[in-house]
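Asker: Let's see this in three dimensions:
(chains A and B)
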Amino acid sequence: MTLEEQLTRQIKEAVSNLYAIEADDKQIQLQKTRQGFEGNITLVVFPFVKAARKSPTEVANAIGEQLLSAEECIVERYNAVQGFLNLLIAPSYWIECLKAIDANDRYGCLTCQKETEEGPVQPLMMVEYSSPNTNKPLHLGHVRNNLLGYSIARIQEANGWKVVKTNIVNDRGIHICKSMLAWQLYGNGETPESSGKKGDHLIGDYYVRFDIEYKKQIEELKGQGMDEETAKREAPLIKQAQAMLLKWEQGDAEVRALWEKMNSWVYAGFDETYRKMGVGFDKIYYESQTYLEGKKEVERGLQEGKFYRRADNSVWADLTQDGLDEKLLLRSDGTSVYMTQDIGTAKLRYADYPIDKMVYVVGNEQEYHFKVLSILLDRLGFRFGKDLVHFSYGMVELPNGKMKSREGTVVDADDLMDQMIADAAEVSKDKVNRLTDITPEEAQEIARKVGMGALKYFILKVDPRKNMLFNPEESIDFNGNTGPFIQYTYARICSVLRKAGTTIEPTLKGDTALNEKEVALIQRLSEYPAIVKQAGDEFSPALIANYAYALAGEFNSFYHDYSILNEENEKIQSVRLLLSKNVAKVLRLAMWLLGIEMPERM
RNA sequence: GGUCCGGUAGCUCAGCUGGAUAGAGCAACAGCCUUCUAAGCUGUGGGUCCCGGGUUCGAAUCCCGGCCGGAUCACCA
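Answerer: Down below sits the predicted model:
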């Protein structure tokens, strides 16, 4: 039972005795005691003042007295300030609390079950993230997506779900044809080997090239007196790309061979990026393998009168009843669009897995798309349509606005990661006073963990729903509210524990004295499971990050003020060791949920 | 124009399911390493919580109306 639960029960009893108030949980408002007041936890008594017909202070004092005389009293002292009843919890409670935390290696991991005919089972959540297009390398926007998706998967696992991480690779479509066409026209047979470029970067360069040449053609046509709209439609390059897409859908051998070759280059590049980022998937879907299923579903919907065909042969869904527009599902030339593919992918996924909850980690720019997808799936008779969750996160913006691949104003994922690791290596070079016995390989490994930790934390600490700013001119910090700060705290504890040597047995007695900072730390540790729960409910890695920062900060303050290894009182030393060990454990568990590795030395 | 999201210190962000004196980090300034790792700790300065109403014992937080910024409403994905 948590502290809050115990107190809630006792407070209910108290107000019932005192004022005959039958309080519900919502009225029992407990919060952490504010700095500057004595106490650990505070009851807000305003909700009882009216019914009690007493002043707030009187009510607070009366409840305080009741808590002191309660059976299994855990309150040592109390003080009442206006309507706030500050409670100081007895040290023996905190010692027991610490022992319980120590005994649990999977502290903070919750269980979750759903009832079935065969008994309770773990429910399954599928998390889709990353979802790259195979026409360009990953950039910082994708990094946010990948880190969020991966972290969300781990957080939901900690909340008791069975999680299947999935990736839908957008490996076909007009944008892919643009890269292919540009390579065909201007590439002179260039390959990753011949150019020394990573495959995804090579392809990305041709995607940019297409746009440059296309724009030239548009300008030319406009110079001949054509209006912009027509020029965009009539430019030879776009017509060629459309023709190529049509050929692709018709299975043209030559186009397919080119497509296979170029995609294989991209996948080799992506694999490297994912490995460096430390993310992975349990099941990968390719749109080239799901779009036909989508087309079939659209055809079915058409036959069942749920969609309609226009005179130009294109197929549409009328969503005006749902307050939305009309949505294209198949182009007039019969080729499929994004929506078509997503319908097919969804169907296949539900056929492959007993999904209880489907989560799409996709940017907030696609909110309309998922609203429509949900309605379309529902209309097609899929029970899961209504339940899909679009985990909509904000954009990463640069000081001069949004990133645009075609315009080359992107922060490349590979470059950024390399830069972070190089910066970390540079910083640790200055830390000459320690780690003298370390090999260059170990040093590099630490730099990798620290650099990636800085990057991941930088991104994940921000509320995922909000847009965030990245300034390439300013390197990501290694001091203050950062990943390395937390890693450093962890490394320091590891160092202390190494020097303490012997394994620490939790043989603590309830009468051990605790200082304020020790109590604050234990209390902070005790909050962790609730944070994990909340992070799961709200899909927010940021809550975990902020928690870890607060915990590390409190530990650093404690570490500064009190010695652990030089403490002469054995009882006190063993409490401090046990406390340190568990702070390290929770930091590691929390950072694990963010996908951040923790170096034991740095 | 419709819909959605945001606006908190010079900058980047917490806090937002209503509670005490609105918090961190960075940047600036001042201290702390013969003592468990100074990627640390301590302190100083810095705020019309976009504006105006309303609800309430109490509003950065909830409601309404503005202002500003972003996203979206494609035979793009």
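Asker: When you work out contacts or count neighbours from here on, use the C-alpha atoms and nothing else.
Answerer: OK.
Asker: How confident is the prediction for the one residue sitting closest to the centre of chain A, by pLDDT?
Answerer: The residue lying closest to the centre of chain A (CA atoms, centre = their mean) is residue A:148, at 2.6 Å. In this model, residue A:148 is scored at 97, pLDDT.
Asker: Quick one: residues in contact with the helix or strand bottoming out on mean pLDDT in chain A.
Answerer: Least confident helix or strand, chain A: strand A:401-402 with a mean of 79, by mean pLDDT, DSSP states H and E. Residues outside strand A:401-402 that contact it (CA atoms under 8 Å, 6 or more residues apart in numbering): A:395-396.
Asker: So which residues of the stretch 151-300 of chain A form strands?
Answerer: Along the stretch 151-300 of chain A, counting by DSSP state E, counting those that start in this stretch, strands occupy A:162-169, A:283-286.
Asker: Same list, those strands, but as TSV with mean pLDDT, distance to residue A:354 and mean neighbour count please.
Answerer: Formatted as TSV, the strands of the stretch 151-300 of chain A follow (pLDDT from 0 to 100; distance: least, CA to CA, whole Å; neighbours: other CA atoms under 10 Å):
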stretch	mean pLDDT	distance to residue A:354	mean neighbour count
strand A:162-169	97	11	21
strand A:283-286	96	14	15
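Asker: and of those strands, who's closest to residue A:356?
Answerer: strand A:162-169 (9.8 Å; CA to CA).
Asker: in its sheet, what does the least confident helix or strand of chain A sit against?
Answerer: Within its sheet, strand A:401-402 is paired with strand A:396-398 (antiparallel), according to DSSP bridges.
Asker: Are the partner strand and RNA strand B in contact anywhere?
Answerer: No - against RNA strand B, strand A:396-398 shows no contacts by CA under 7 Å from any atom of the strand, the least distance being 7.6 Å.
Asker: Count the neighbours of residue A:46 for me.
Answerer: By the measure other CA atoms under 10 Å, the count of residues near residue A:46 is 20.
Asker: any idea how far it is from residue A:28?
Answerer: Using CA to CA, to the nearest Å, residue A:46 is found at 10 Å from residue A:28.
Asker: try residue A:19
Answerer: Going from residue A:19 to residue A:28 by CA to CA gives 15 Å.
Asker: With neighbour numbers in mind, choose between these two.
Answerer: Using other CA under 10 Å as the criterion, residue A:19 and residue A:28 rank with residue A:28 on top: 20 against 15.
Asker: Not including adjacent chain positions, what is the nearest residue to that one?
Answerer: The shortest distance from residue A:28 to any non-neighbouring residue, by CA to CA, 6 or more residues apart in numbering, is to residue A:8 (6.4 Å).
Asker: Show the pLDDT at that neighbour.
Answerer: Residue A:8 carries a pLDDT score of 92 in this model.
Asker: Contact residues of the stretch 301-450 of chain A facing RNA strand B?
Answerer: A:312-314, A:324-325, A:327-328, A:331-333, A:337-338, A:364-369, A:402, A:424, A:427-428, A:431, A:434, A:447, A:450.
Asker: Close to RNA strand B: what parts of the stretch 51-200 of chain A are there?
Answerer: Going by CA under 7 Å from any atom of the strand, the residues of the stretch 51-200 of chain A near RNA strand B are A:81, A:84-86, A:133, A:170, A:173-175.
Asker: Can you classify the residue in the stretch 301-450 of chain A that RNA strand B sits nearest to as helix, strand or coil?
Answerer: In the stretch 301-450 of chain A, the residue that lies nearest RNA strand B is residue A:365 (3.3 Å; CA to the nearest atom of the strand). Of the three states, residue A:365 takes helix under DSSP: H, G, I helix; E, B strand; the rest coil.
Asker: hmm, back to that, from the residues of the stretch 51-200 of chain A next to RNA strand B, which land in helices?
Answerer: A:174-175 (DSSP state H).
Asker: And the residues of the stretch 51-200 of chain A next to RNA strand B, which of them are buried?
Answerer: Neighbour counting with 16 or more other CA atoms under 10 Å marks A:84-86, A:133, A:170, A:173-175 as buried within those.
Asker: on that earlier part again, what about the residue nearest to residue A:28, neighbour count?
Answerer: Using other CA under 10 Å, residue A:8 has 20 neighbouring residues.
Asker: buried ones in the helix or strand containing the residue nearest to the centre of chain A?
Answerer: If you go by DSSP states H and E, residue A:148 is part of helix A:140-158. Buried residues in helix A:140-158, counted by 16+ other CA under 10 Å: A:140-158.
Asker: cool, stretch A:368-387 as well?
Answerer: For stretch A:368-387, by 16+ other CA under 10 Å, it's A:370-377, A:380, A:384-385.
Asker: Tabulate these (CSV), appending secondary structure.
Answerer: Below are those laid out as CSV (three-state DSSP):
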residue, secondary structure
A:370, helix
A:371, helix
A:372, helix
A:373, helix
A:374, helix
A:375, helix
A:376, helix
A:377, helix
A:380, coil
A:384, coil
A:385, helix
